[in-house]
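Colleague: take this sequence and fold it.
(one chain, ligands or ions: 1)
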Amino acid sequence: MKTLIVANWKMNPQTAKEAKKLFDAVKKGAKNKNTDIVICPPFVYLPLLKGLPLGAQNIFWEEKGAFTGEICAAQLKDLKIKYVIIGHSERRKYFGETNEQINKKIKKALDRDINPIFCIGETLEENRAEKKSEVLERQITEGLHGVSKFEIQNSKLVIAYEPVWAIGTGQNCSVDETLKSMLLIRKIISNMYNRELADDMKMLYGGSVNSKNSAEYIKGGGVSGLLVGGASLDAQEFISIIKSI
Ligand code: PEP
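Modeller: This is a model prediction of the structure:
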(Lines give C-alpha, C1' and ligand atoms only; values in the text may rest on other atoms or scores of the structure.)
Protein backbone atom coordinates (compact mmCIF):
# COMPACT_ATOMS: atom_id res chain seq x y z
CA MET A 1 0.00 0.00 0.00
CA LYS A 2 1.34 3.44 -0.89
CA THR A 3 1.98 6.02 1.81
CA LEU A 4 -0.41 8.97 1.61
CA ILE A 5 1.12 12.41 2.16
CA VAL A 6 -1.40 15.25 2.41
CA ALA A 7 -0.40 18.92 2.39
CA ASN A 8 -2.71 21.29 4.25
CA TRP A 9 -1.80 24.79 3.09
CA LYS A 10 -4.45 26.34 5.38
CA MET A 11 -4.97 30.05 4.50
CA ASN A 12 -1.66 30.30 2.58
CA PRO A 13 -0.01 31.56 0.44
CA GLN A 14 -1.23 35.11 -0.11
CA THR A 15 -1.23 35.26 -3.92
CA ALA A 16 -2.06 32.98 -6.83
CA LYS A 17 1.43 33.55 -8.19
CA GLU A 18 3.00 32.18 -5.00
CA ALA A 19 0.53 29.28 -4.92
CA LYS A 20 1.44 28.24 -8.47
CA LYS A 21 5.15 28.57 -7.73
CA LEU A 22 4.89 26.35 -4.65
CA PHE A 23 2.70 23.81 -6.43
CA ASP A 24 4.98 23.60 -9.48
CA ALA A 25 8.07 23.16 -7.33
CA VAL A 26 6.39 20.32 -5.40
CA LYS A 27 5.14 18.71 -8.60
CA LYS A 28 8.61 18.78 -10.10
CA GLY A 29 10.52 17.55 -7.06
CA ALA A 30 8.09 15.21 -5.37
CA LYS A 31 8.62 11.99 -7.26
CA ASN A 32 8.41 8.90 -5.09
CA LYS A 33 6.61 5.84 -6.38
CA ASN A 34 5.91 4.72 -2.81
CA THR A 35 3.75 7.73 -2.06
CA ASP A 36 0.45 9.29 -3.10
CA ILE A 37 0.43 13.05 -2.69
CA VAL A 38 -2.64 15.25 -2.16
CA ILE A 39 -2.36 19.04 -2.00
CA CYS A 40 -5.12 20.94 -0.14
CA PRO A 41 -4.86 24.65 -1.00
CA PRO A 42 -7.42 27.37 -0.22
CA PHE A 43 -10.56 27.08 -2.39
CA VAL A 44 -9.60 30.02 -4.64
CA TYR A 45 -6.48 28.24 -5.91
CA LEU A 46 -8.16 24.88 -6.68
CA PRO A 47 -9.00 25.72 -10.33
CA LEU A 48 -5.49 27.04 -10.99
CA LEU A 49 -3.44 24.02 -9.95
CA LYS A 50 -3.04 20.99 -12.21
CA GLY A 51 -0.94 17.86 -12.21
CA LEU A 52 -1.23 16.50 -8.65
CA PRO A 53 -4.38 15.29 -6.85
CA LEU A 54 -6.11 18.10 -4.98
CA GLY A 55 -8.19 18.23 -1.84
CA ALA A 56 -10.38 20.96 -0.38
CA GLN A 57 -10.12 22.15 3.21
CA ASN A 58 -13.85 22.22 3.86
CA ILE A 59 -17.25 21.38 2.38
CA PHE A 60 -20.84 22.33 3.25
CA TRP A 61 -23.53 19.70 3.72
CA GLU A 62 -26.34 21.36 1.77
CA GLU A 63 -26.80 20.77 -1.96
CA LYS A 64 -27.02 24.40 -3.11
CA GLY A 65 -28.69 27.71 -2.36
CA ALA A 66 -28.61 30.59 0.08
CA PHE A 67 -25.59 29.71 2.23
CA THR A 68 -23.31 32.71 1.85
CA GLY A 69 -19.62 31.90 1.96
CA GLU A 70 -20.01 28.13 1.72
CA ILE A 71 -18.84 25.66 -0.96
CA CYS A 72 -20.88 22.58 -1.86
CA ALA A 73 -19.99 19.08 -3.02
CA ALA A 74 -21.15 19.65 -6.61
CA GLN A 75 -18.78 22.61 -6.94
CA LEU A 76 -15.86 20.47 -5.74
CA LYS A 77 -16.88 17.60 -8.02
CA ASP A 78 -16.96 19.99 -10.95
CA LEU A 79 -13.27 20.73 -10.30
CA LYS A 80 -12.54 16.98 -9.99
CA ILE A 81 -11.52 17.31 -6.36
CA LYS A 82 -10.82 13.89 -4.85
CA TYR A 83 -10.40 14.63 -1.14
CA VAL A 84 -11.73 17.01 1.47
CA ILE A 85 -10.38 17.74 4.95
CA ILE A 86 -13.28 17.60 7.41
CA GLY A 87 -13.23 18.42 11.12
CA HIS A 88 -9.80 20.03 11.31
CA SER A 89 -9.17 21.28 14.86
CA GLU A 90 -8.88 24.86 13.59
CA ARG A 91 -12.43 24.59 12.21
CA ARG A 92 -13.62 23.08 15.47
CA LYS A 93 -11.87 25.82 17.49
CA TYR A 94 -12.39 29.01 15.46
CA PHE A 95 -15.67 28.20 13.72
CA GLY A 96 -17.30 26.11 16.44
CA GLU A 97 -17.74 23.02 14.26
CA THR A 98 -19.44 20.25 16.17
CA ASN A 99 -19.26 16.49 15.73
CA GLU A 100 -22.82 16.64 14.43
CA GLN A 101 -21.91 19.15 11.70
CA ILE A 102 -18.79 17.18 10.85
CA ASN A 103 -20.98 14.08 10.49
CA LYS A 104 -23.22 15.89 7.98
CA LYS A 105 -20.18 16.99 5.98
CA ILE A 106 -18.73 13.47 5.96
CA LYS A 107 -22.04 12.04 4.74
CA LYS A 108 -22.31 14.64 1.97
CA ALA A 109 -18.74 14.03 0.79
CA LEU A 110 -19.26 10.25 0.75
CA ASP A 111 -22.52 10.69 -1.09
CA ARG A 112 -20.66 12.55 -3.86
CA ASP A 113 -17.59 10.26 -3.98
CA ILE A 114 -15.26 12.80 -2.42
CA ASN A 115 -12.97 11.11 0.09
CA PRO A 116 -13.13 12.66 3.55
CA ILE A 117 -9.90 13.19 5.47
CA PHE A 118 -11.61 13.08 8.83
CA CYS A 119 -9.53 14.87 11.49
CA ILE A 120 -9.70 13.95 15.15
CA GLY A 121 -7.51 14.65 18.15
CA GLU A 122 -7.51 15.68 21.77
CA THR A 123 -6.48 19.04 23.24
CA LEU A 124 -3.61 19.43 25.70
CA GLU A 125 -6.03 19.68 28.64
CA GLU A 126 -7.83 16.52 27.55
CA ASN A 127 -4.53 14.73 27.12
CA ARG A 128 -3.32 15.80 30.58
CA ALA A 129 -6.62 14.75 32.13
CA GLU A 130 -6.18 11.32 30.48
CA LYS A 131 -9.32 11.82 28.45
CA LYS A 132 -7.81 11.01 25.07
CA SER A 133 -9.64 7.68 24.62
CA GLU A 134 -12.96 9.18 25.60
CA VAL A 135 -12.51 12.19 23.26
CA LEU A 136 -11.40 10.11 20.26
CA GLU A 137 -14.24 7.66 20.79
CA ARG A 138 -16.80 10.47 20.87
CA GLN A 139 -15.35 12.22 17.83
CA ILE A 140 -15.33 8.98 15.82
CA THR A 141 -18.69 7.59 16.84
CA GLU A 142 -20.48 10.93 16.41
CA GLY A 143 -18.54 11.86 13.26
CA LEU A 144 -19.35 8.54 11.58
CA HIS A 145 -22.85 8.17 13.03
CA GLY A 146 -25.13 6.58 10.44
CA VAL A 147 -22.31 5.97 7.96
CA SER A 148 -22.58 2.38 6.80
CA LYS A 149 -19.87 -0.23 6.48
CA PHE A 150 -20.66 -0.32 2.79
CA GLU A 151 -20.12 3.45 2.35
CA ILE A 152 -16.76 3.27 4.09
CA GLN A 153 -15.64 0.25 2.07
CA ASN A 154 -16.62 2.01 -1.14
CA SER A 155 -14.68 5.17 -0.37
CA LYS A 156 -11.16 6.05 0.57
CA LEU A 157 -12.19 7.66 3.84
CA VAL A 158 -9.04 8.53 5.75
CA ILE A 159 -8.78 9.26 9.47
CA ALA A 160 -6.15 11.83 10.46
CA TYR A 161 -5.07 11.72 14.09
CA GLU A 162 -3.94 15.23 14.91
CA PRO A 163 -3.43 15.91 18.60
CA VAL A 164 -4.36 19.59 18.90
CA TRP A 165 -1.33 20.31 21.10
CA ALA A 166 0.99 19.08 18.33
CA ILE A 167 -0.41 21.23 15.52
CA GLY A 168 1.87 24.09 14.54
CA THR A 169 3.70 23.98 17.87
CA GLY A 170 6.87 22.10 17.02
CA GLN A 171 5.85 19.63 19.79
CA ASN A 172 5.23 16.57 17.66
CA CYS A 173 3.61 13.55 19.28
CA SER A 174 6.09 10.78 20.06
CA VAL A 175 6.10 7.79 17.75
CA ASP A 176 5.12 5.52 20.67
CA GLU A 177 2.13 7.65 21.63
CA THR A 178 1.10 7.87 17.97
CA LEU A 179 1.22 4.08 17.70
CA LYS A 180 -0.94 3.74 20.84
CA SER A 181 -3.46 6.23 19.41
CA MET A 182 -3.57 4.38 16.09
CA LEU A 183 -4.31 1.10 17.88
CA LEU A 184 -7.01 2.81 19.91
CA ILE A 185 -8.60 4.34 16.79
CA ARG A 186 -8.55 0.98 14.99
CA LYS A 187 -10.20 -0.61 18.04
CA ILE A 188 -12.97 2.01 18.02
CA ILE A 189 -13.52 1.49 14.28
CA SER A 190 -13.45 -2.28 14.74
CA ASN A 191 -16.13 -2.06 17.46
CA MET A 192 -18.29 0.17 15.26
CA TYR A 193 -17.85 -1.87 12.07
CA ASN A 194 -15.48 -4.82 12.03
CA ARG A 195 -11.83 -5.75 12.33
CA GLU A 196 -11.21 -6.07 8.60
CA LEU A 197 -12.52 -2.59 7.87
CA ALA A 198 -10.46 -1.18 10.77
CA ASP A 199 -7.30 -2.88 9.50
CA ASP A 200 -7.83 -1.62 5.95
CA MET A 201 -8.60 1.99 6.83
CA LYS A 202 -5.94 4.59 5.98
CA MET A 203 -4.84 6.53 9.02
CA LEU A 204 -2.58 9.55 9.03
CA TYR A 205 -0.63 11.31 11.73
CA GLY A 206 -0.49 15.11 11.68
CA GLY A 207 1.16 17.61 14.01
CA SER A 208 4.52 19.33 13.49
CA VAL A 209 5.75 16.79 10.96
CA ASN A 210 9.01 17.76 9.26
CA SER A 211 11.66 16.04 7.16
CA LYS A 212 13.58 15.01 10.28
CA ASN A 213 10.74 13.14 11.99
CA SER A 214 8.58 12.01 9.03
CA ALA A 215 10.22 8.63 8.37
CA GLU A 216 9.94 7.55 12.04
CA TYR A 217 6.15 7.70 11.93
CA ILE A 218 5.97 5.51 8.85
CA LYS A 219 8.45 3.03 10.36
CA GLY A 220 7.08 2.78 13.90
CA GLY A 221 3.92 4.84 14.28
CA GLY A 222 1.47 2.40 12.72
CA VAL A 223 0.31 5.07 10.26
CA SER A 224 -0.47 4.88 6.56
CA GLY A 225 0.66 8.43 5.90
CA LEU A 226 1.04 11.98 7.14
CA LEU A 227 -0.92 15.23 7.14
CA VAL A 228 1.54 18.10 6.88
CA GLY A 229 0.67 21.73 7.61
CA GLY A 230 3.45 24.29 8.08
CA ALA A 231 6.19 22.19 6.47
CA SER A 232 4.14 21.82 3.27
CA LEU A 233 4.53 25.55 2.56
CA ASP A 234 8.25 25.14 1.97
CA ALA A 235 8.64 23.20 -1.29
CA GLN A 236 12.10 21.83 -0.46
CA GLU A 237 11.06 20.73 3.03
CA PHE A 238 7.90 19.06 1.72
CA ILE A 239 9.87 17.30 -1.02
CA SER A 240 12.34 16.08 1.63
CA ILE A 241 9.42 14.66 3.64
CA ILE A 242 8.18 12.78 0.56
CA LYS A 243 11.67 11.51 -0.21
CA SER A 244 12.12 10.34 3.39
CA ILE A 245 9.36 7.76 2.92
C1 PEP B 1 -2.39 20.61 10.28
O2 PEP B 1 -2.80 21.75 10.45
O3 PEP B 1 -3.13 19.74 9.79
C4 PEP B 1 -1.01 20.32 10.68
C5 PEP B 1 -0.66 19.08 10.81
O6 PEP B 1 -0.20 21.41 10.90
P7 PEP B 1 1.35 21.39 11.26
O8 PEP B 1 2.03 20.36 10.39
O9 PEP B 1 1.83 22.77 10.96
O10 PEP B 1 1.47 21.04 12.71
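Colleague: which SSE is residue 204 in?
Modeller: Counting by DSSP states H and E, the secondary-structure element that holds residue 204 is strand 202-206.
Colleague: list the pairing partners of that strand within its sheet, with orientation.
Modeller: Next to strand 202-206 in the sheet, as set by DSSP bridges, lie strand 158-161 (parallel), strand 225-228 (parallel).
Colleague: single out the most deeply packed of the ones you listed.
Modeller: strand 225-228 (a mean of 27; mean count of other CB atoms under 10 Å). The way it works is simple: take the backbone N, C-alpha and C, and place the C-beta from them, glycine included.
Colleague: ok, the residue lying farthest from the centre of the chain to residue 72 distance?
Modeller: Most distant from the centre of the chain: residue 66, at 27.8 Å, with distances by CA atoms, centre = their mean. With the distance defined as CB to CB, to the nearest Å, residue 66 ends up 12 Å from residue 72.
Colleague: need the strands paired with strand 202-206 in a markdown table with distance to residue 218 and mean pLDDT, can you?
Modeller: Formatted as a markdown table, the entries for these read as follows, by distance: least, CB to CB, whole Å; pLDDT from 0 to 100:
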| stretch | distance to residue 218 | mean pLDDT |
| --- | --- | --- |
| strand 158-161 | 14 | 98 |
| strand 225-228 | 8 | 98 |
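Colleague: among the ones you listed, which is nearest residue 30?
Modeller: Using CB to CB as the measure, strand 225-228 is the one of the strands paired with strand 202-206 that comes nearest residue 30, at 11.7 Å.
Colleague: hmm, who's touching that closest one?
Modeller: Residues outside strand 225-228 that contact it (CB atoms under 8 Å, 6 or more residues apart in numbering) are 3-8, 35-36, 85, 117, 119, 158, 160, 162, 202-206, 209, 214, 217-218, 238, 241.
Colleague: repeat that for stretch 170-184.
Modeller: Under the criterion CB under 8 Å, 6+ apart, residues 132-133, 136, 161, 163, 165-166, 203, 205, 207-210, 213, 216-217, 219-223 lie in contact with stretch 170-184.
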